[in-house]
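Undergrad: Everything below, folded, please.
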Amino acid sequence: MAEQVKMEKVDRISDLHDSILTHVPSFLSTKEAIKTSVLSTRWRYLFDLLPNIDFDLEEDLCRKNIKSYSTDVIENYMCSVDRMLLFCNTTNVSKFGFKCWIKMIGSNRFNRWISAAVDRGVKHLDLSTSVLPSSTLPILTCKTLVSLKLGKYFVLNVPKDVLLPNLKILHLHSVKRLLSGCPHLEDMVTRKCDLGNIRNFHISHHLLKTLTIRYTYNSYQCWLWINAPNLTSLEYYDRLVAGYSMENLQSLTKAVIDISACKTLRADATKIFKGICDVPSLVLSDTSLQVEDINYNETFTPVEKMVTVRAFLAIATSKNWELHQMDVHNAFLHGGLDKVVYMKLLLDFAPDKPRMVFRLHKSLYRLKQAPRCWFAKLVTTLKRGISVLASI
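TA: Coordinates of the predicted model:
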């Protein structure tokens, strides 16, 4: 009869250090991490030591099937945030995230949360809330902050001495004033920022790698200055501003430009392209190629079944049929010109020479004569090829 081996029950998990036990639930959301306190008496109060604190009011209430945001419901939720930040035992907070779109949070209470996170050495702040516009965030001298993401309706009262020495990631959305003094910034995204009180929007960072600017407000009197020698990616979606200065962008490998203009604003948009003229990958929207706000119809659509198209063209040319432009919108790039064609100068390209024009040597994209010139060249080339085949 085989001996029965008795396995001794050993609780190895409970003997682990608090830092290890709190690291495991740090990969969960805050609400789910708190639920782990029921696993054992050893885990009961570990949620007080969690380094990551993340609250999303709407998502958390939806999970509980709470559809009405009464005052009592909101107050209970805010009290849970108080317990996690103001009355917790943790000495270090790595991340604090809070998302709430209802206007029922006092700015003083919100500032106490931010102050508590800053006092505990927070590294990552992700805030999206409709706190009263008069609230001031005490974060502009946080030496430990690495990532800062701000959502809606924030007013940043920038002091003279801004010290964010470790900040590398900055995302701003609907912020009315932009902050400066972040020498180690690497990733910057701005969305719907109000530049009404700014005449010069300077972005000068030697470590900045990616920059995205989307849809600013009241920027018609603002100059945009970009000086970033290590910038590799630039995305700019906006209306023309008063002026541009693009310097030291030799590391740029990708640029996406989507700009539009109004007739009352005579900005020199060519300075954008002069500053990024050596970029390997450049994407331009159709509005970026407008002259004096003249909109053109769509001229390019991807064409499928190119084998079939080539077959029809070969048959038409071999039978010497008259070839008309097909009902397909195409892009005609660098086609030849058999006529002398002039083009008006770009807006403010040479203001001292108002009577000068461009003479085109190639058929440009969106030129009205481009399809006819391209198809004439295509027919000539196809007929020449068929004649060569017939002589073989």
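Undergrad: Look up how far Leu224 lies from Val341.
TA: Computed with C-beta to C-beta, to the nearest Å, the distance linking Val341 and Leu224 is 33 Å. Any C-beta I mention is one placed from the backbone N, CA and C, and that applies to glycine too.
Undergrad: Mind splitting the chain into its structural domains?
TA: The record assigns the chain these domain ranges, following automatic domain parsing: 15-50, 54-81+90-289, 306-391.
Undergrad: now the helices: where do they sit in the stretch 201-350 of the chain?
TA: Secondary structure of the stretch 201-350 of the chain (DSSP state H, counting those that start in this stretch): helices located at 270-275, 306-318.
Undergrad: Please convert the ones you listed to JSON lines, extending it with mean pLDDT.
TA: Rendered in JSON lines, the data for the helices of the stretch 201-350 of the chain read as follows (pLDDT from 0 to 100):
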{"stretch": "helix 270-275", "mean pLDDT": "79"}
{"stretch": "helix 306-318", "mean pLDDT": "72"}
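Undergrad: how about these, which one is nearest Asn111?
TA: Closest to Asn111 of the helices of the stretch 201-350 of the chain is helix 270-275 (C-beta to C-beta; 39.5 Å).
Undergrad: quick one: which of Val341 and Leu224 has more around it?
TA: Set Val341 next to Leu224 and count neighbours by other C-beta atoms under 10 Å: Leu224 wins out with 25 against 18.
Undergrad: That one contacts Val241, doesn't it?
TA: Yes. At 5.3 Å, Leu224 counts as touching Val241 under the criterion of C-beta atoms under 8 Å.
Undergrad: Counting neighbours, what do you get for Leu172?
TA: Residues contacting Leu172 under the criterion other C-beta under 10 Å number 22.
Undergrad: Pull the contacting residues for it.
TA: With contacts defined as C-beta atoms under 8 Å, 6 or more residues apart in numbering, the neighbours of Leu172 are 150, 178, 189-191, 193.
Undergrad: Quick one: end-to-end length of stretch 215-222, please.
TA: 13 Å (C-alpha to C-alpha, to the nearest Å).
Undergrad: And it, what's buried?
TA: By neighbour count, and taking 16 or more other C-beta atoms under 10 Å as the criterion, the buried residues in stretch 215-222 are 216, 219-220, 222.
Undergrad: Throw the helices of the stretch 201-350 of the chain into CSV and include mean neighbour count and distance to Val146, thanks.
TA: What follows is the helices of the stretch 201-350 of the chain, written out as CSV (neighbours: other C-beta atoms under 10 Å; distance: least, C-beta to C-beta, whole Å):
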stretch, mean neighbour count, distance to Val146
helix 270-275, 16, 29
helix 306-318, 12, 49
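Undergrad: Can I get these in JSON lines including distance to Val283?
TA: Formatted as JSON lines, the entries for the helices of the stretch 201-350 of the chain read as follows, by distance: least, C-beta to C-beta, whole Å:
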{"stretch": "helix 270-275", "distance to Val283": "13"}
{"stretch": "helix 306-318", "distance to Val283": "23"}
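Undergrad: quick revisit: where is pLDDT lowest across the contacts of Leu172?
TA: Scanning the contacts of Leu172 for pLDDT, the smallest score is found at Leu178, 54.
Undergrad: Greatest separation within the buried residues of stretch 215-222: which pair is it?
TA: Once C-beta to C-beta is applied, the buried residues of stretch 215-222 give Thr216 and Tyr220 as the farthest pair, at 9.7 Å.
Undergrad: Ala242 contacts Tyr220, doesn't it?
TA: Yes. At 6.5 Å, Ala242 and Tyr220 qualify as touching, with contact defined as C-beta under 8 Å.
Undergrad: and Arg384, helix, strand or coil?
TA: helix (DSSP: H, G, I helix; E, B strand; the rest coil).
Undergrad: ok, now which ones touch Lys353?
TA: Leu345.
Undergrad: actually Pro165, not the one I typed
TA: Contacts for Pro165 (C-beta under 8 Å, 6+ apart) come out as 143, 183-184.
Undergrad: Just put the buried residues of stretch 215-222 in JSON lines and tack on distance to Trp113 and pLDDT.
TA: Output for the buried residues of stretch 215-222, formatted as JSON lines (distance: C-beta to C-beta, whole Å; pLDDT from 0 to 100):
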{"residue": "Thr216", "distance to Trp113": "29", "pLDDT": "78"}
{"residue": "Ser219", "distance to Trp113": "32", "pLDDT": "75"}
{"residue": "Tyr220", "distance to Trp113": "37", "pLDDT": "74"}
{"residue": "Cys222", "distance to Trp113": "33", "pLDDT": "83"}
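Undergrad: Tell me the one among those residues nearest to Val73.
TA: Top of the list for closeness to Val73, among the buried residues of stretch 215-222 and by C-beta to C-beta, is Thr216 at 36.7 Å.
Undergrad: can you pull the contacts of that closest one?
TA: Thr216 sits next to 190, 192-195, 222, 238, 241 when contact means C-beta under 8 Å, 6+ apart.
Undergrad: Please narrow these to those residing in strands.
TA: Counting by DSSP state E, the members of these that fall within strands are 190, 238.
Undergrad: and the contacts of Thr216, which are buried?
TA: With neighbours counted by 16+ other C-beta under 10 Å, the contacts of Thr216 contain buried members at 190, 193-195, 222, 238, 241.
Undergrad: so Arg214 touches Arg239, yeah?
TA: No. Arg214 lies out of contact with Arg239 (C-beta under 8 Å); the separation is 11.5 Å.
Undergrad: Residues in contact with both of Thr216 and Tyr220, list them for me.
TA: Between them, Thr216 and Tyr220 share the neighbouring residues Val241, with contact defined by C-beta under 8 Å, 6+ apart.
Undergrad: Do you have the helices of the stretch 51-200 of the chain handy? List them.
TA: When secondary structure is read from DSSP H, counting those that start in this stretch, the stretch 51-200 of the chain shows helices at 57-63, 71-85, 107-119.
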